[in-house]
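Q: missing the sequence, but the structure's below:
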């Protein structure tokens, strides 16, 4: 069972019945010793950072997503993007807008909607490593991607700070 008590900027979650081995939370010791071992550990959750990342997503992703759907020419101009297939641009805008809409729910219950930030972190990191890095190394990086790269890097850094990985990967006992 875990409880949440708020302090000024950090929420402390106390989780009981946890065994920590090599950074991964597992129940090996408890199962080996018949549940006789009880361990507790504090997990820090930065609620302020979580909420900031949800607001950041609402503002940036919401604005860009709406723009890609309703005024794609403005988005192309702002980001100096070449003309693209309107179906792909609209689909991308819809996906980005959905992150913003779901982030609104994240403001109400930050811990429950962490998967939104995880998905955002993973796809942006993959795009930066698998798409942008090879283009950069080969010298074929289009200039219009610089602003997008900067925005994506701010998301990756913010998500890495905000996401409480220890909370996510902690196995909780059933009550």
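A: Great, that's in hand. Bear in mind the structure is a predicted one, so any value in this text is a computation, not a measurement.
Q: Remind me which helix or strand the residue nearest the centre of the chain belongs to.
A: Closest residue to the average C-alpha location of the chain: residue 117 at 2.1 Å, with CA atoms, centre = their mean. In the assignment (DSSP states H and E), residue 117 maps to helix 114-126.
Q: Show the average pLDDT along that helix.
A: For helix 114-126, the mean per-residue pLDDT is 97.
Q: swap in stretch 153-172?
A: In the prediction, stretch 153-172 has an average pLDDT of 90.
Q: Quick one: distance of it to the chain centre.
A: Computed by CA atoms, centre = their mean, to the nearest Å, the chain-centroid distance of stretch 153-172 equals 7 Å.
Q: try stretch 76-95
A: 23 Å.
Q: Run through who's touching that stretch.
A: 64-69, 72, 75, 143-144, 147-148 (CB atoms under 8 Å, 6 or more residues apart in numbering). All C-beta atoms are positioned from the backbone trio N, CA, C, and that covers glycine.
Q: Endpoints of that stretch, how far apart?
A: 17 Å (CA to CA, to the nearest Å).
Q: hmm, back to that, I'd guessed the residue nearest to the centre of the chain sits against residue 156; true?
A: No - if you go by CB atoms under 8 Å, residue 117 and residue 156 don't touch, sitting 10.6 Å apart.
Q: How much space separates the residue nearest to the centre of the chain from residue 89?
A: Residue 117 sits 24 Å away from residue 89, taking CB to CB, to the nearest Å as the criterion.
Q: circling back: weed out the non-buried ones from the contacts of stretch 76-95.
A: 64-65, 67-69, 72, 75, 148 (16 or more other CB atoms under 10 Å).
Q: now the strands for this structure?
A: For the chain, the strands defined by DSSP state E cover 2-6, 11-16, 19-21, 24-26, 40-45.
Q: Just the mean pLDDT for the last one, thanks.
A: Mean pLDDT, computed over strand 40-45, is 63.
Q: Might you calculate how far the longest helix seen in the chain sits from the centre of the chain?
A: In the chain, taking DSSP state H as the definition, the longest helix is helix 86-108. Distance, stretch centre to chain centre, for helix 86-108: 14 Å (CA atoms, centre = their mean).
Q: What are the buried residues along that helix?
A: 89-90, 93, 96-97, 99-100, 102-103, 106.
Q: what's the farthest-apart pair in the buried ones among the contacts of stretch 76-95?
A: Spatial extent of the buried ones among the contacts of stretch 76-95 (CB to CB) is set by the pair 69 and 148 at 17.3 Å.
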